[in-house]
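**Q** need a structure here:
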Amino acid sequence: MIQRVLGGWRDFRWVAGLLAALVVLLFGGEAWARDARDTASGATGPAGTHRVYLPLVVRDDPMRTQRLCRFGIGAPWDIVRYPVNDLRIGWYTNWGSTPRPDRPGGIEYLQMVRLGQTGPDSYTSVPQGNDLLGTVSANPGALWIIGNEPDRRKWQDSLEPGVYAHAYHDLYYQIKAADPTARIAAGSIVQPTPIRRQYLDMVLSSYQSRYGQAMPVDVWNIHAFILNEVSCNYFPKDCWGADVPPGIDVPEGMRYSIEDSDNLAIFKQFIVDFRQWMADRGYKERPLIITEYGLLYQYFPPTRVNAYMNATFDYLSTAAGSTGYSADKGRLVQAWAWYSLADQSFGGWLYDPQTLLRSVHGDNFVAYTSALAPVVNLAPVKIRTEPVAGYRPDQQVRLVAQVSSTGNITMYGPSLIRFYAGDPAQGGMPIGNDAVVLALNGCGNTTDVAVIWNNPPMGASTVWAVVDPFNTTAESDETDNRLSAVVSVSP
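**A** Numbering: from 1, shown residues only. From the prediction side, this is the model:
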């Protein structure tokens with residue numbers, strides 16, 4: 001780590017930056033909004049400083065150091081009736097969309113566009129038109145899920161692969177046009193079995209054939225139930241579970257029994273297989289979330305349900321590997337949602353919708369999450385260069401670092417990022433002014449910070465990005481705050 005021996009003038013610059021950031025945190029106002037707009041448009045401040053500001057929900061949020069971004073829940077529309085702060089969840093979905101979502105305790109709401117197939121190559125969506133664009137504009141930076149279980153015949157969105165590719169393309173570009181900061185997630189398959197990965201392959205192939213490019217996906221999203229896959233067309237009396245996907249005419253996929261519903265080995269293999277599928281198709285560096293999973297059948301005793309909940313939480317919190325998301329320390333899954341908050345039609349519900357009291361499963365959920373310490377960790381994961389309009393590369397270059405937050409809560413700063421020409425531990429010199437990150441959600445979320453490098457040396461140079469150079473942010477890992485890259489400058 002870089003020590004304060006770097007010189008008095010640099011320490012003064014750090015103090016000045018800290019005071020400026022604190023003024024913004026304390027007073028907010030129009031200047032905050034203006035800087036936020038500048039950041040969204042890629043604007044830079046004096047001398048190439050690039051500041052990243054997030055909304056002022058951080059100012060008066062007593063839960064901000066308690067919400068766990070990895071834990072979510074499938075919830076009804078009236079979530080505000082329930083004491084969900086006890087769960088410490090960071091997000092929820094209710095399988096719909098709204099311009100003004102309820103966010104008790106400041107939790108994140110995942111927007112969803114619901115789909116339906118209306119013809120061989122046509123679909124309907126909810127919301128659509130001005131309702132969709134108005135909701136997008138009212139929720140900048142939101143995560144949008146396109147469809148819910150499009151691979152589920154009849155019961156959910158039920159689209160053939162080519163029709164889903166068509167719908168996804170249209171909605172992706174409509175949403176991005178209204179809000180370039182929006183993140184788009186593919187609609188969740190019921191479970192990542194071979195036949196459902198085949199369904200997704202057909203989606204990707206159809207998209208490539210129709211639009212001449214790979215399907216753009218910001219976030220991959222699955223459900224992870226363990227359900228029987230027997231075609232109702234072939235076995236109408238034995239087709240409980242998930243059927244086979246539309247557009248695939250086979251008698252069956254995987255045959256599972258109800259007793260397999262909490263088979264941890266199957267669950268783990270689902271995750272490993274899907275991450276491999278992502279990597280094989282060029283999506284390794286995308287987050288993976290699970291927006292529904294649990295035990296749907298009522299007859300499982302509470303002790304068995306809770307044991308499965310705990311075992312899957314343990315696995316999802318720690319599973320990592322070569323196919324995992326690099327911005328999240330190689331973790332296979334970035335976030336997951338237990339099903340459900342209060343749906344008593346299925347097993348595992350956490351609250352009684354009549355009394356609003358917690359069930360034994362809710363007590364178990366609270367016991368698990370309350371034992372988790374809040375963790376903050378920032379790390380630079382990539383360095384790149386960009387041209388500066390109106391300047392030759394030997395006059396000015398923009399250095400951009402992608403910074404990741406890999407903890408389990410939001411990091412509330414300010415935290416500095418400093419660029420160096422050469423290894424700072426060996427006398428490397430700072431480049432430009434420090435960038436400041438005031439807040440960044442954990443779980444592998446990233447942001448870009450940048451500085452202008454004036455008159456860079458010609459040829460190849462090694463540059464460094466150092467997060468938190470003065471160790472003012474308490475982090476779980478102080479060994480990953482430095483990153484170097486070789487950049488080449490030519491006229």
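**Q** And the pLDDT for the nearest residue to residue 474 once chain neighbours are set aside?
**A** If the residues on either side of it in the chain are set aside, residue 474 comes closest to residue 376, at 6.5 Å by Cβ to Cβ, 6 or more residues apart in numbering. For every residue, glycine as well, the C-beta is placed using N, CA and C. Note for residue 376: predicted pLDDT of 95.
**Q** Residue 154 too?
**A** The per-residue confidence score, pLDDT, reads 88 for residue 154.
**Q** what do you get for residue 31?
**A** pLDDT, the model's per-residue confidence, is 31 for residue 31.
**Q** Ok, residue 42 next?
**A** As summarised for this prediction, residue 42 has a pLDDT of 35.
**Q** Ok, residue 389 next?
**A** 89.
**Q** Surely it forms part of a strand?
**A** No: with DSSP: H, G, I helix; E, B strand; the rest coil as the criterion, residue 389 is assigned coil and is not in a strand.
**Q** So what does it have for phi and psi?
**A** Note on residue 389: its backbone torsions stand at phi -60, psi 130 [degrees, to the nearest 10].
**Q** just residue 67 next, same as before
**A** phi -70, psi 130.
**Q** In contact with the residue nearest to residue 263 when sequence neighbours are not counted, which residues?
**A** Nearest residue to residue 263 in three dimensions, chain neighbours excluded: residue 226, at 6.1 Å (Cβ to Cβ, 6+ apart). Residues in contact with residue 226, defined by Cβ atoms under 8 Å, 6 or more residues apart in numbering, are 191, 256, 260-263, 266-267, 270.
**Q** Can I have the buried ones of these as a PyMOL selection?
**A** Burial among the contacts of residue 226 is assessed by 16 or more other Cβ atoms under 10 Å; the matching PyMOL selection reads:
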select buried, resi 191+256+261+262+266+267+270
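**Q** possible to save the contacts of residue 226 as a markdown table with distance to residue 280, pLDDT and secondary structure?
**A** Output for the contacts of residue 226, formatted as a markdown table (distance: Cβ to Cβ, whole Å; pLDDT from 0 to 100; DSSP: H, G, I helix; E, B strand; the rest coil):
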| residue | distance to residue 280 | pLDDT | secondary structure |
| --- | --- | --- | --- |
| 191 | 19 | 98 | coil |
| 256 | 24 | 97 | coil |
| 260 | 26 | 97 | helix |
| 261 | 28 | 97 | helix |
| 262 | 29 | 97 | helix |
| 263 | 25 | 98 | coil |
| 266 | 21 | 98 | helix |
| 267 | 21 | 98 | helix |
| 270 | 16 | 98 | helix |
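**Q** Secondary structure element for residue 203, which one?
**A** Assigned by DSSP states H and E, residue 203 falls within helix 194-211.
**Q** So for the helix or strand harbouring residue 367, what gets flagged as buried?
**A** Residue 367 is part of helix 360-370 when elements are defined by DSSP H and E. Neighbour-count burial for helix 360-370 flags 361-362, 364-366, 368-369 (criterion: 16+ other Cβ under 10 Å).
**Q** re the thing from before, could you dump the contacts of residue 226 to a markdown table with distance to residue 334?
**A** Compiled in a markdown table, those are given as follows (distance: Cβ to Cβ, whole Å):
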| residue | distance to residue 334 |
| --- | --- |
| 191 | 18 |
| 256 | 26 |
| 260 | 26 |
| 261 | 24 |
| 262 | 23 |
| 263 | 23 |
| 266 | 21 |
| 267 | 17 |
| 270 | 16 |
